[in-house]
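S.K.: got a structure for you, letters missing:
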């Protein structure tokens, strides 16, 4: 038996089966349209699989209820994605007759990086994704952090730069981090797709300063041992040295640790798993769900066998 994985995004659902980074099979992408149409197509993908799934993991856009003991587990809340509010993302997959686990897409990506990627040598890892939206996931000792709901790091408030007159795009907060520094915000600022901009365009300096502010705030609050920056916008590799430079200025030597002063290159890093982090994290959610009956808490050592 194998495991199933769904990275449920606002623009596409990435589906796969397998057991780890070296065993990721039948990867397919299904456009995110109306809920019934999308979820039916995803279910069809798994039902066409020749063998039953041991468990299914879903890393979903949100906000979503991530608490397995809640009657509303797996139900999307007031999401800005049109027509998806209050959708139960688990219910259609009961037809697969296997356990289903759900978490946010960014918690899933953070979990994959912790187990198989940039965080295999640390006990805590924070993953911030900058793309169509901005979101964050935090893993400590192999467990994604929840709480009252789940982290909503993209809606941190940042100090507006004096030279920045852009109103922001967030429909809830205007000029929060997502409103000022997401991919759509960048495109609205310059009138073209960010990937078409030269690396010396002035907007990148503004963008890097906002991301550095967010990183500093999250370091002060959560003190992660590794900071991973992923998502489509972070394909611009020239952003990493810019962000590290401004982060050093933001911290101003207050947290006087080598990792935050002289070793930022190994502290703020790109995802080692690239754009596979989300779907691999969903795969690991499935593995964790399957292990629950044995009361095992997965660790780096336990999970290396799945590579």
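M.R.: Sure thing, it's come through. Nothing here was measured: the structure is a model prediction, and the numbers come from that model.
S.K.: Can you report how many residues lie near residue 5?
M.R.: 31 (other Cβ atoms under 10 Å). From N, CA and C alone the C-beta is placed, and that goes for glycine too.
S.K.: how near is it to residue 90?
M.R.: 14 Å (Cβ to Cβ, to the nearest Å).
S.K.: Helices of the stretch 1-150 of the chain, start to end?
M.R.: Shown for the stretch 1-150 of the chain, the helices assigned by DSSP state H, counting those that start in this stretch span residues 35-47, 105-116.
S.K.: could those helices be laid out in a markdown table, adding distance to residue 273, mean neighbour count and mean pLDDT?
M.R.: Conversion of the helices of the stretch 1-150 of the chain to a markdown table gives the following (distance: least, Cβ to Cβ, whole Å; neighbours: other Cβ atoms under 10 Å; pLDDT from 0 to 100):
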| stretch | distance to residue 273 | mean neighbour count | mean pLDDT |
| --- | --- | --- | --- |
| helix 35-47 | 22 | 16 | 97 |
| helix 105-116 | 6 | 31 | 97 |
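S.K.: right, and those helices - which one's nearest residue 247?
M.R.: helix 105-116 (18.9 Å; Cβ to Cβ).
S.K.: for that closest one, packing partners?
M.R.: strand 2-8, strand 53-60, strand 124-130, strand 134-140, strand 143-144, strand 227-230, helix 277-291, helix 300-303 (3 or more Cβ pairs under 8 Å, 6 or more residues apart in numbering; DSSP states H and E).
S.K.: Which one of these has the poorest average confidence?
M.R.: The minimum mean pLDDT among these belongs to helix 300-303 (a mean of 47).
S.K.: out of everything not next to it in sequence, what's closest to residue 123?
M.R.: Sequence neighbours aside, residue 141 is the residue nearest to residue 123 in space, at 5.6 Å (criterion: Cβ to Cβ, 6 or more residues apart in numbering).
S.K.: Check the gap between the one you found and residue 215 for me.
M.R.: Note on residue 141: its distance to residue 215, by Cβ to Cβ, is 22 Å.
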